[in-house]
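1. sequence? don't have it. structure:
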């Protein structure tokens, strides 16, 4: 019993209580800024939940994908597919994006690394060289929030594993992780629909990245992610435009 007491004491003091805040602008503001700067024609959102971020889009083609959207009212400008992202890409995407590829995408679906890697792979297939993919929840603030199993209300999952994966295996991409509250955004540019490294090595990548220790990641989170302030990113993004 003494060992168990020591163990739970360790969990409470050394794991659960450690908090690594993210204190930039709220992520909705960053998404609004991207919409304003990019003026996308085609916007894709994976994981729309209650539709708060989908409503930020003014794109002529606004597409939402969610197997169980919790909308309290219709979003008239949006076409919503009540499918899992895997089903959408398997059954619908080829026709949906046949004449018009994705300009801006926001991935906020299942918070499991293996799924978010699959969502990124599938989304990039329908992007062009100037497209942007935005990934939510890449800066978890504590161990429980970063866990691949949901045990708290606020949960980012292990989405964060995708960023070191891309840094290592897709150095051609331009990845900016910005400090948006509450759990960060990754903004990914330089996409290449013809690059097949990720799908060709999917199982091996999942196995490798699952071995990264969550506690060690958190202790060096912003160094590993190259986190930058959102105002720095948007100044550079504006100047590039």
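-> Alright, I've got the coordinates. Predicted model, so just to flag it, every value in this text is computed and none were measured.
2. Settle this for me: residue 182 is touching residue 141, isn't it.
-> Yes. Assessed by CB atoms under 8 Å, residue 182 is found in contact with residue 141 at 7.1 Å. Glycine gets a C-beta too; all of them are placed from N, C-alpha and C.
3. Could you check which of these two is surrounded by more residues?
-> Higher neighbour count among residue 182 and residue 141: residue 141, with 20 against 17, using other CB atoms under 10 Å.
4. Now the residue nearest to that one when sequence neighbours are not counted: which helix or strand?
-> In this structure, residue 141 finds its nearest non-sequential neighbour in residue 20, 5.3 Å apart by CB to CB, 6 or more residues apart in numbering. For residue 20, there is no enclosing helix or strand under DSSP states H and E.
5. What pLDDT does the model give residue 20?
-> pLDDT for residue 20: 92.
6. quick one: low-confidence ranges for the protein?
-> 1-2, 11-17 (pLDDT under 70).
7. Please repeat the previous calculation with a cut-off of 80.
-> 1-17, 151-153, 241 (pLDDT under 80).
8. ok, which stretches of it are helices?
-> Assigned helices in the chain, in chain order: 2-10, 27-38, 85-91, 93-96, 113-124, 143-146, 162-169, 197-200, 202-209, 214-219, 221-225, 230-240 (criterion: DSSP state H).
9. Mean neighbour count and distance to residue 132 added to the ones you listed, as CSV?
-> Shown next, in CSV, are the helices of the chain (neighbours: other CB atoms under 10 Å; distance: least, CB to CB, whole Å):
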stretch, mean neighbour count, distance to residue 132
helix 2-10, 9, 42
helix 27-38, 18, 7
helix 85-91, 17, 18
helix 93-96, 15, 18
helix 113-124, 22, 11
helix 143-146, 22, 25
helix 162-169, 18, 14
helix 197-200, 14, 18
helix 202-209, 15, 22
helix 214-219, 15, 25
helix 221-225, 16, 18
helix 230-240, 14, 9
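10. Would you mind saying which of these lies nearest residue 130?
-> Nearest of the helices of the chain to residue 130, taken as CB to CB: helix 27-38 at 8.8 Å.
11. thinking again about what came up before, out of the helices of the chain, flag the one nearest residue 76.
-> Across the helices of the chain, the minimum distance to residue 76, taken as CB to CB, is reached by helix 27-38, at 17.2 Å.
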